[in-house]
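Visitor: Quick one: sequence and predicted model below, then my questions.
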Amino acid sequence: MKLETRILETDILVIGGGTAGCYAAVTLSKEEKNNIIVADKANIKRSGCLAAGVNAINAYINKGYTPEDFVDYVKKEAEGIIREDLVYSIAKNLNNVTKNMESIGLTILKDSQGEYVTRGKRSIKINGENIKPLLANEVNSKKNINVLNKVNIIDYIMQDDTIVGAYGFHIEENIFYVIYSKAVICTTGGASGLYKPNNPGFSRHKMWYSPFNTGAGYAMGIRAGAEMTSFEMRFIALRCKDTIAPTGTVAQGIGAKQVNASENEYVKDYGKPLTITRLYATVEENRKGQGPCYLKTKGISKEVEEELYKAYLNMAPAQTLKWIEDGSGPSMQNLEIEGTEPYIVGGHAASGYWIDVTRSTTIPGLYAAGDVAGGSPKKYVTGCFVEGEIAADAATEFIKNKKNKYISQEEINSKAIYLEDFLKDEESLFSINNVEEAMQKVMDEYAGGISKNYVFNTTRLHIASEKIEELLVISSKLRGEDMRELLQIYEVIDRLYVCKVLIVHLLSRKETRWKCYGENADYKEKDENLLKYVNSIYKDGKVQVVFRNLVKRDEVYEH
Amino acid sequence: MSIKIDPQKCVGCGKCLETCPGNLIFKNDESKAFIKYPSECWGCTACVKECPVQAINYYLGVDIGGKGTYLNTKKDKNLLHWHVFKPNNEEIIITTNEAEGNKY
């Protein structure tokens, strides 16, 4: 198959039109001189993590609390491995971006005095079913933003270690894109689908995180030699069994306790009730034969049950359908819970690009925001907005007095030929799905997946590393029939790159800092000498590790 | 977790395939939408809400407890009516209002 090459030029390219990307684009558009392209492999109306909606704003500074409190909380939850400077910059702006979202139509629950109704110290209640269409409408209404839906970006265009744009392709038409830009903001989200999921059969995509967030932004950065941080802080969610729907609405919303099969409240037996403890305690109860574990909802009123049905329809409709399908709702039966497979994500954990406080990566002209940006766990939706805003302001400043740079026709042709190779009319021995399943099996068995109670050791990780390398070689021989299959090939290749880097990170943190997220059976305790960031740079085919000292909240870190 | 599109009801408007965040929906030779990759569906219901004629039914896979119940939606200004149809033909309607915050 021959691809038509289409060359575009802009000031700033935003890769991914999800939570952070849309907010970045709207912020960029305020500078009228900026010409902006937003490229998304789907359609920004429902792409990214918020496709079904979101039930609460979980990063907000409620009355009586301060941004400093927020940083303290995140630091405690992550056992010290956070970029305090980044988290602080987020904390200071959480309430502003929330106000902005309300002004474009987001419904926030208020009491009779007109105050937001809170859920704990850092949450407010909303109706976020339509949050993505609201954001997309804003983006689409700006004259200086050109949205390219169904265009998948695959790699950065580099010149003398500086970014000058990105390559991509249309997922329906046979078009290869070369997009020149003076700066790029990467907002592609984290990576799901690396490990064998909870439901490996027909419902394999019924997972916590968007199955379409394939780690593309990480992979592009890795291949371009950008520094990455904290991949070894994996994220594992505690979710409703089968539907993998959120538990917070029930646990924090109505205050339901976690109980085991004997209806004993078990979390307190495992230490302070941090996010990780609630998960680890559940894994341990199951391992000891004391499961299944539940959120104790039996006995709630029918009125509360009806409100739960609505709340879940507004973010994870499968759970409401499940209750109806079961013939008995949460008032009649407890809600079974389980841990998910591990994900790599910068919105809940800290995995992502190593950035400075302006969200500049180590590649000049490349910015990262949202789940693809590292160092600041628990940023969630509002933190992604703040990062999008900060990156947009920095990129606007960066492009001043800069001109677009271009690459040679030979270089463009060689990338087009590289893509066309995947579309050759040949049959490959293994299918794309075969390779994806093989990768998920390797990661599950040798890099601490669900079947191993999330635990790994050095020997297993070395086996994982070898097998992922073999799969990378095999993946280069995959063949697709059309552009949609080319997308799938790229998704599996990108995931393999993320796995490759993840394994090196897991090997490098020779301690167990976090139960489940990073539990190394060879090093079962915390090592205070490892109160450092594990960073990596991919260079000359090798993932090189750099340990960096912690950055405090008032420090100014520069690359 | 997936959807089924009723070809009798589908009017071929293409809104579902435009919006699906996984690019999983296509049109057949008769211009009717169908899901080409049913096991890749996240279950977000974006397509269900886009469909102007309630042709898209959302159901749970049997591996996660599905027994044949399905739902679709009808929008009426701020209101979204979720119609749930059980295998015994019982219909349940739950209405959410985008102007009202969730209580939990």
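Guide: Noted; the coordinates are in hand.
Visitor: How about the contacts made by whichever residue of chain B sits closest to chain A?
Guide: Closest to chain A within chain B is B:G101: 2.6 Å, counting by CB to the nearest CB. C-beta here means a position set from N, CA and C on the backbone, and glycine is covered the same way. Counting by CB atoms under 8 Å, 6 or more residues apart in numbering or on different chains, B:G101 makes contact with A:107-110, A:117, A:125-127.
Visitor: Likewise for A:D161?
Guide: A:D161 neighbours (CB under 8 Å, 6+ apart): A:225, A:363-364.
Visitor: And the strands in the stretch 301-450 of chain A?
Guide: A:335-339, A:352-353, A:366-368 (DSSP state E, counting those that start in this stretch).
Visitor: Any part of the longest one near chain B?
Guide: No. Taking CB under 8 Å from any CB of the partner chain as the criterion, strand A:335-339 and chain B are apart, separated by no less than 10.5 Å.
Visitor: for that strand, packing partners?
Guide: Under the contact definition 3 or more CB pairs under 8 Å, 6 or more residues apart in numbering or on different chains; DSSP states H and E, strand A:335-339 sits against strand A:238-240, helix A:275-287, strand A:293-295.
Visitor: quick one: which of the ones you listed is nearest chain B?
Guide: It's strand A:238-240; of those, that one is closest to chain B (CB to the nearest CB) at 10.4 Å.
Visitor: So is the closest one next to chain B?
Guide: No. Strand A:238-240 lies out of reach of chain B by CB under 8 Å from any CB, never closer than 10.4 Å.
Visitor: picking up where we left off before, nearest residue to the residue of chain B closest to chain A in space, please, no chain neighbours.
Guide: Closest residue to B:G101 apart from its sequence neighbours, by CB to CB, 6 or more residues apart in numbering or on different chains: A:L109 at 2.6 Å.
Visitor: now swap in A:N174 and tell me
Guide: Distances taken as CB to CB, 6+ apart place A:L3 nearest to A:N174, at 5.3 Å, with adjacent residues excluded.
Visitor: again, but for A:C293
Guide: Nearest residue to A:C293, sequence neighbours excluded (CB to CB, 6+ apart): A:T282, at 4.7 Å.
Visitor: Look at that neighbour and say how many residues are nearby.
Guide: When neighbours are defined as other CB atoms under 10 Å in any protein chain shown, A:T282 has 25 of them.
Visitor: A:E263 too?
Guide: There are 12 residues near A:E263, going by other CB under 10 Å.
Visitor: now A:I489
Guide: Neighbour tally, A:I489, other CB under 10 Å: 20.
Visitor: picking up where we left off before, surely the residue nearest to A:C293 touches A:E336?
Guide: No. Between A:T282 and A:E336 there is no contact under CB atoms under 8 Å: 10.4 Å.
Visitor: on that earlier part again, let me know the pLDDT of the residue nearest to A:N174.
Guide: Per-residue pLDDT puts A:L3 at 98.
Visitor: for the closest residue to A:V151 other than its chain neighbours, helix, strand, or coil?
Guide: Of all residues not flanking A:V151 in the chain, A:A39 sits nearest, at 4.6 Å (CB to CB, 6+ apart). At A:A39 the chain is in strand, as set by DSSP: H, G, I helix; E, B strand; the rest coil.
Visitor: Now do the same contact list for residue 66.
Guide: With no chain named, the answer covers chain A. A:T66 makes no contacts at all, as judged by CB under 8 Å, 6+ apart.
Visitor: um, chain B though
Guide: By CB under 8 Å, 6+ apart, B:G66 lies in contact with A:325, B:59-60.
Visitor: If anything else comes up later, I'll come back, but that's it for now.
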